[in-house]
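[1] Any chance you can model this:
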Amino acid sequence: MAWGVLEDNRMAFPPGTIRLTASDDENGKLLHLLDLLDFLVGSNRFVVEDEFSEKHVKKRGGVILDPQPSDSHDDPLNWSWQCKISHFLLLALGASLTNAANVMLTPGLIPLSEAFESEEKSVSLFTIGIVALWTTIGGHLTVAGSDVWGRRPFYITSIGILALANLLASVTLTLPTLVIMRAVSGLASAPFLLLAPASVTDVFFSHERAAYLAVLIAVLNAGGQLGVVISGYIVQAAGVSTLFKLSAGVYSAFFIVAYFFLFETAHYEREMMPSSNAGFGRQTSASRSMNLKKPRDSGRRDVFNHRMSQKSFIRGLIDPFLLLVLPPVSYSVITFGVYLTYAIGLPILVVEIIRAEPYRLSPLEAGLACLPLAIVSIVAGPLIGALMAFSARFMASKNCDSKGVFEPEFRLMTLLFCAPVTVGGLIGLSISTTQQLPLQWVLTWLSVTYLGCMWTSQVVFVYVVDCFPALTGQSFTLINLAAAIGIFIASDGLISWSTTSGTSTVFDDLAALSAIVLLPTVPICIFGKKIRSKLASVEWTRSLST
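    Below you'll find the predicted structure:
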């Protein structure tokens, strides 16, 4: 019983269970895989055993490259360091800009409600909440389509649509037309918000991915918070219409850069690394790309190239919903959905609170209230990733049942620390807003709550990816759908609830809900390995998880 995780007698290595470090008594045939940061994305490393000699694989600095690159210079894994970094920076810039554009109307809710003679909660619902909902719907289509036609068509098309939608929104005269443009923007936002992590894994090896993914997530979150700050200046100085015009201009410039430098990264045919775990055929990112056709060397800049695989688009739309029968997936969907809803919805609610009595902040000042959250994202994001990597290495090395073996449930142990952070932050928000304490107390407790929400959502997502690495895209689509529904409801519901019941009731109830949602973590930690083993032994659930 390693760290409280019950062993399974039927399968020593069910899906997700892997060996992080080699034993010293195996005649040196097992390599030490030192870089554990790849576990932020749940990439499963294969232990090199006797039947798989080191001389048959490609290595770099003593580390076996996973996935194994092809011999083509056009393979994204063989790109130069400068090309990889420029590609990553474009993805990070696109994700940051898109997240900022999606929430930039937060400081402008009151001017918009006055201009359209509508209730502020309705404007919030149909200009902010609807974006999150349509982004997830678009992500569902994008993930399924990118497995068939590649990544680049979706990126380039989305930038063009975003530029046009923001331009049309800048001249709209009615709320219904603005809602339509925001829905279109949400649909077109999906590639940079939901497909960018997959593109990062296309370009970097497993031992490199986690650091870049941590930066990508931090930049994405910071973009959303900085977008509110910057938009506060623009709304106060020039109005909401100017905000949309500037966004359209930025996307137009970005379209030109992306067209020439954001290449196709869909995997080429590569060697498959054999698994040492018998009883269940798992797939790595390399093996899952085997059915992709090798594109022409001259086709990296083609927008609409050709069908790159024989996968079914319709099957790709259906499969994510079937994953709910898998307990690790359903647990992650619920937990991630609730906590990401908190992370997005609570800043919107707090901005509305501090714009009313006794604080009476202007749109600019209310936007600046989100600046601490941007700092939390930039600083805490990479630190959380490093902490998860360190804890994975430490707990595996202290595994009393099998030294060096890592279980995905080890990830969930960190929730013992971050769950009280969220609950404490919400209680602090309840007290500070009810007693109308100075603004710095409100912002401090909001930052604490945001840290706990970001920490929890990242942990549970990494957990499900650790369990089923072949299902990363589908799982991410599903849990974001749950989060989008929550955000759509919260963007209107939290403000209305606060108005009718008071901030104390809202924050206290949310604190209780955050604790209740995490209660299943205990049985999942204890019986998680047995559950994964059972899923691997039943044919129909095994077919879902591979």
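
[2] Next, the contact list for Ala92, please.
    Residues near Ala92 by CB atoms under 8 Å, 6 or more residues apart in numbering: Ala196, Val215, Leu216, Val219, Leu220. For the C-beta atoms, the positions are set from N, CA and C on the backbone; glycine is no exception.

[3] out of the residues you listed, which one sits closest to Leu349?
    Nearest to Leu349 among these is Leu220, at 21.3 Å by CB to CB.

[4] Pull stretch 420-429 out as CSV, backbone CA atoms only.
    Extracted C-alpha coordinates of stretch 420-429, given in CSV (Å, rounded to 0.1, in the frame of the first residue of the first chain):
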residue,chain,number,x,y,z
PRO,A,420,-7.6,24.3,2.3
VAL,A,421,-6.2,27.2,0.3
THR,A,422,-9.3,27.5,-1.8
VAL,A,423,-11.7,27.1,1.1
GLY,A,424,-9.8,29.6,3.2
GLY,A,425,-9.7,32.1,0.4
LEU,A,426,-13.4,31.9,-0.1
ILE,A,427,-14.1,32.3,3.6
GLY,A,428,-11.7,35.3,3.6
LEU,A,429,-13.7,36.8,0.6
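
[5] buried set for it?
    Val421, Thr422, Val423, Gly425, Leu426, Ile427, Gly428, Leu429 (16 or more other CB atoms under 10 Å).

[6] would you turn the residues you listed into TSV with distance to Ala366?
    Formatted as TSV, these follow (distance: CB to CB, whole Å):
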residue	distance to Ala366
Val421	25
Thr422	23
Val423	26
Gly425	20
Leu426	20
Ile427	23
Gly428	20
Leu429	16
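
[7] Among those residues, which lie within helices?
    Per DSSP state H, helices hold the following members of the buried residues of stretch 420-429: Val421, Thr422, Val423, Gly425, Leu426, Ile427, Gly428, Leu429.

[8] Closest one of the residues you listed to Gly337?
    Distances from Gly337 to those, taken as CB to CB, are shortest for Thr422 (14.4 Å).

[9] following the least confident helix or strand in the chain by mean pLDDT, which helix or strand shows up next?
    Least confident element among the helices and strands of the chain, by mean pLDDT, DSSP states H and E: strand 63-64 (a mean of 52). Per DSSP states H and E, strand 63-64 leads on to helix 81-103 as the next helix or strand towards the C-terminus.

[10] For the helix or strand following that next one, list every residue counted as buried.
    For helix 81-103, the succeeding helix or strand toward the C-terminus, using DSSP H and E, is helix 109-116. Going by neighbour count (16+ other CB under 10 Å), the buried part of helix 109-116 is Leu109, Ile110, Pro111, Leu112, Ser113, Ala115, Phe116.

[11] Tell me the one of those residues nearest Gly4?
    For the buried residues of helix 109-116, the residue nearest Gly4 by CB to CB is Leu109; the value is 46.1 Å.

[12] these two touch, right, that closest one and Glu352?
    Yes - using CB atoms under 8 Å, Leu109 is in contact with Glu352, at 7.5 Å.

[13] okay, and the common contacts of these two?
    Glu120.

[14] thinking again about what came up before, just curious, which of the buried residues of stretch 420-429 is nearest to Val228?
    The closest of the buried residues of stretch 420-429 to Val228 turns out to be Leu429 (CB to CB; 17.8 Å).

[15] Is that closest one in contact with Ser447, as I believe?
    No - using CB under 8 Å, Leu429 is not in contact with Ser447, being 10.3 Å away.

[16] Pull out the buried positions in the helix ranked longest in the chain.
    Counting residues, the longest helix in the chain under DSSP H turns out to be helix 206-238. Buried residues in helix 206-238, counted by 16+ other CB under 10 Å: 206-232, 234-236.

[17] quick one, helices of the stretch 251-400 of the chain?
    Under the criterion DSSP state H, counting those that start in this stretch, the stretch 251-400 of the chain contains helices at 313-322, 327-354, 363-368, 371-397.

[18] Check these for me and report the most buried one.
    helix 327-354 (a mean of 24; mean count of other CB atoms under 10 Å).

[19] so that helix versus helix 206-238, what angle?
    20 degrees (axes from the mean of the first three to the mean of the last three CA atoms, to 10 degrees).

[20] what angle separates helix 327-354 from helix 81-103?
    Orientation check (the same axes, to 10 degrees): helix 327-354 against helix 81-103 gives 60 degrees.

[21] Helix 327-354 packs against which elements?
    The contact analysis (3 or more CB pairs under 8 Å, 6 or more residues apart in numbering; DSSP states H and E) places helix 327-354 against helix 206-238, helix 363-368, helix 415-434, helix 439-467, helix 472-501, helix 503-517, helix 521-537.

[22] how near is Leu443 to Cys370?
    Using CB to CB, to the nearest Å, we find Leu443 at a distance of 9 Å from Cys370.

[23] Tell me which of these two has more neighbours.
    Looking at Leu443 and Cys370 with other CB atoms under 10 Å, you find the greater number of neighbours at Cys370, namely 28 against 20.

[24] tell me which residues in whichever strand or helix holds Ala169 are buried?
    According to DSSP H and E, Ala169 maps onto helix 152-170. Using 16+ other CB under 10 Å as the test for burial, helix 152-170 gives 152-170.

[25] And stretch 428-446, by the same measure?
    Neighbour-count burial for stretch 428-446 flags Gly428, Leu429, Ser430, Ile431, Ser432, Thr433, Trp441, Val442, Leu443, Thr444, Trp445, Leu446 (criterion: 16+ other CB under 10 Å).

[26] which intervals of the stretch 151-300 of the chain have sub-threshold pLDDT?
    Scanning the stretch 151-300 of the chain for pLDDT under 70 picks out the ranges 173, 206-207, 209-211, 267-300.

[27] Please apply the same query to the stretch 1-150 of the chain.
    Residue ranges of the stretch 1-150 of the chain with pLDDT under 70: 1-2, 19-67.
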